[in-house]
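Trainee: predicted structure and sequence below. I'll ask about it afterward.
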Amino acid sequence: MNNLLIKSLSDKIRARPALPASKSISNRVLIIRFLSGAHISLSNLSDSDDTQLLIRLLERIRSTSDTKKVLELNCDNAGTVLRFLAALLSAKPGKWLLTGCDRMLERPIAPLVAALKSLGAKIIWKGEKGFPPIEISGKKLKGGKIKVDATQSSQFITALMLIAPQLDETLTVDLQGQVGSMPYITMTAGLLEHFGVSVNIDNQVIQIKPGPYSENELHIESDWSSASFWYEMAALSRDSDIFLKGLSEVSLQGDSILPEIFTSFGVKTVAEEKGIHLLNTGEIAKKFIFNFANHPDLALPVIVTCAALGVEGIFSGLHNLRLKESDRLAAIYSELSNAGYSLEISDSVLKLSGKAGSNEDQESPDERRNDVSILHFKTYQDHRMAMALAPLALLGKPVVLDSPDVVGKSYPAFWDHLLQTGCFAIERNFKSV
């Protein structure tokens, strides 16, 4: 079995990991470059599995000359890839079948399809209505005013924004419901403007005028979402000095809110010219309350950090976690409950009271380090589950994870970077006795 055993050799971390580039920015600018017809120079593209998949699929689309034959494009479990391509291909002449792995076929896409159809797209459900696979007959789309359910995913909105400059007339998108992950929509707007497109966002109405993308270049930022797992390690270590190159608190990425969040867990962020330093102050809050509606990718590492430190937590805005690579809300509840932590789920809110029993009944850090029992966790084939649970090894109990290679979806070098700290021992294909 492809299990991974992680042991902590020291709780004093000195690390200089080369974080991956932002997958979110990379995937957006790849679509922009494909659509632009202009010379766009991109540096520091993400090496994530999702971005590399998008590069391959865009090349297949670019090299296809037969517009009558249906070209099947398998997006695996890459939500941004399938959703971005659904919009792009709706506006590109040809016949296209978008599909993915079993989990992708459970991830809803109805609001995006409805919006594209209102712009004139021809899309047919090839399986269960509301979910991939879908068959697209691409053609020129008109633009105009549309309403879009924005409660499920900001990726639906971004997909529409990326093709908007190619439409016949101004696109006005009226976002319906409580908008989740608004910083990702703002990121898209910033990238469009970087490449010469006029974007206006007024409350929940987005307006984008037609016009060409302009020539420009872009160096893609390091990924703040990936930095969250290093923040988690800084919080769980006894002493930390972690330098994350390429990060700036002035960022297109909404997850640059991490420094503010992790002050509650004793992590101080010191900005420098080429990156940021993470230092452990030991000043930990007794209770943490946060709404993750705009920052869903930070939920898992923050929840695990609270559990590990015995911090009482109330985490809201988690409804979109059920629609990710796994049902992350159910997954983290199950795995932390099995590890002895006390949690409650109510609608989109998760409450954490620490270890089973009161905080006074919990083991001290030294007692935990003398306990040789092993924590076994399932990853649910979800990269963020794997990376969020791995740092629990710093509490002294070895951690075993299934399907460790899932980290390639966003952070392929994660396990190598853990080894380079000298604080962890890692054994692949571990077999429990």
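Mentor: In hand now; what should we look at?
Trainee: dead centre of the protein: give me the residue that sits there.
Mentor: Compute the mean C-alpha point of the chain, and by CA atoms, centre = their mean the closest residue is residue 297, 4.8 Å away.
Trainee: and the closest residue to that residue other than its chain neighbours, what pLDDT?
Mentor: Of all residues not flanking residue 297 in the chain, residue 225 sits nearest, at 4.5 Å (CB to CB, 6 or more residues apart in numbering). The C-beta positions use only the backbone N, C-alpha and C, and glycine is treated the same way. The model reports residue 225 with a pLDDT of 97.
Trainee: residue 225: what secondary structure?
Mentor: Recorded secondary structure, residue 225: helix (DSSP: H, G, I helix; E, B strand; the rest coil).
Trainee: one step back: wasn't the residue nearest to the centre of the chain part of a strand?
Mentor: No. With three-state DSSP as the criterion, residue 297 is helix rather than part of a strand.
Trainee: correct me if wrong: it contacts residue 223.
Mentor: No. The pair residue 297 / residue 223 is not scored as a contact, 9.7 Å apart, by CB atoms under 8 Å.
Trainee: give me the neighbour count for residue 62.
Mentor: Other residues lying near residue 62 total 8 when counted by other CB atoms under 10 Å.
Trainee: hang on, it in a helix?
Mentor: Yes. Residue 62 sits within a helix when classified using three-state DSSP.
Trainee: so who does it touch?
Mentor: Residue 62 makes contact with residue 34, according to CB atoms under 8 Å, 6 or more residues apart in numbering.
Trainee: what do you get for residue 159?
Mentor: By CB under 8 Å, 6+ apart, residue 159 lies in contact with 83, 84, 86, 87, 88, 112.
Trainee: for the fourth one, give its distance to residue 162.
Mentor: Looking back up the chat, that one is residue 87. 7 Å (CB to CB, to the nearest Å).
Trainee: ok, the last one next?
Mentor: Relative to residue 162, residue 112 is positioned 12 Å away (criterion: CB to CB).
Trainee: circling back: take the contacts of residue 159 and keep only those in helices.
Mentor: Residues of the contacts of residue 159 located in helices (DSSP state H): 83, 84, 86, 87, 88, 112.
Trainee: ranges for the strands of the stretch 1-150 of the chain?
Mentor: Under the criterion DSSP state E, counting those that start in this stretch, the stretch 1-150 of the chain contains strands at 3-8, 12-15, 40-43, 70-74, 94-99, 122-125, 134-138, 144-149.
Trainee: where does the prediction get shaky in the stretch 1-150 of the chain?
Mentor: Scanning the stretch 1-150 of the chain with the threshold set as pLDDT under 70 gives 1.
Trainee: same check, this time on the stretch 301-433 of the chain
Mentor: Residues of the stretch 301-433 of the chain that meet the cut-off, pLDDT under 70, sit at 354-372, 432-433.
Trainee: so for residue 317, which of the strands of the stretch 1-150 of the chain sits nearest?
Mentor: Ranking the strands of the stretch 1-150 of the chain by their distance to residue 317 (criterion: CB to CB) puts strand 144-149 first, at 16.8 Å.
Trainee: doesn't residue 427 lie inside a helix?
Mentor: No. Going by three-state DSSP, the assignment for residue 427 is strand, not a helix.
Trainee: one step back: contacting residues for the residue nearest to residue 297?
Mentor: Contacts of residue 225 (CB under 8 Å, 6+ apart): 22, 23, 24, 253, 255, 297, 298, 410.
Trainee: neighbours around the closest residue to the first one other than its chain neighbours, how many?
Mentor: Read that as residue 22. Nearest-residue entry for residue 22: residue 223, 4.4 Å, with adjacent residues in sequence omitted and distances by CB to CB, 6+ apart. Using other CB under 10 Å, the number of residues around residue 223 comes to 26.
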